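Enquirer: What follows is a predicted structure for the sequence shown.
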Amino acid sequence: MVEFSPWNGISSVLFACTFNAVRSPMAAALFKRRFGKRFYVDSAGLRQGETDPFMVAVMAELGEDLSRHPPKSFDELDDTSFDLVISLSPQAHHHAVELVRTMACDVEYWQTFDPTILEGSRDARLSGYRQVRDALSARIDKRFPV
């Protein structure tokens, strides 16, 4: 009997969202924070957005400096030989499925709230970004146990 491993030979992961400005860079940074350089991890979006200051602020609370994160699209990836693509928005998921049709790569969809739609005070918006950050961290911990 073959025992299931949540890793199944995974050595490279791509996190993808719509603009590569909030969810996917957060997830990639959280993954790197947990696993260091043991795995290759990157992030991309359907389109290149601009680094979100609220994302930078909530990641800085964990000691992660993403102020120089260069948002990029799928077309700008240096390498596309990933073992797993984790899409965090419906649009990115559709693109990821198309991208991997000819590759030996798995795709997972993690429905993730888009905090950029939040309105209100700075504190209220930061709270929403923290919830997304913490939900991504918990999902990474569950999916990739140490």
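Expert: Perfect, thanks for sending it.
Enquirer: what's the single longest helix in this protein?
Expert: Criterion DSSP state H: the longest helix present in the chain is helix 122-143.
Enquirer: residues of that helix that come out buried?
Expert: Residues of helix 122-143 classed as buried by neighbour count (16 or more other Cβ atoms under 10 Å): Arg125, Leu126, Gly128, Tyr129, Arg130, Val132, Arg133, Leu136, Ser137, Arg139, Ile140, Arg143. In short, each C-beta sits where N, CA and C put it, glycine included.
Enquirer: What lies in contact with it?
Expert: For helix 122-143, contacts defined as Cβ atoms under 8 Å, 6 or more residues apart in numbering pick out 6, 22-23, 26-27, 30-31, 34, 54-55, 57-59, 61-62, 88, 108, 110, 112-113, 115, 118-119.
Enquirer: Buried only: go through these for me.
Expert: Neighbour counting with 16+ other Cβ under 10 Å marks 22-23, 26-27, 30-31, 54-55, 57-59, 88, 110, 112, 115, 118 as buried within the contacts of helix 122-143.
Enquirer: related to what we said a few turns ago, take the contacts of helix 122-143 and keep only those in helices.
Expert: Those of these lying in helices (DSSP H): Arg23, Met26, Ala27, Leu30, Phe31, Arg34, Phe54, Met55, Ala57, Val58, Met59.
Enquirer: Of those residues, which pair is most distant in space?
Expert: Within the ones in helices among the contacts of helix 122-143, Arg34 and Phe54 form the most distant pair, 22.1 Å apart (Cβ to Cβ).
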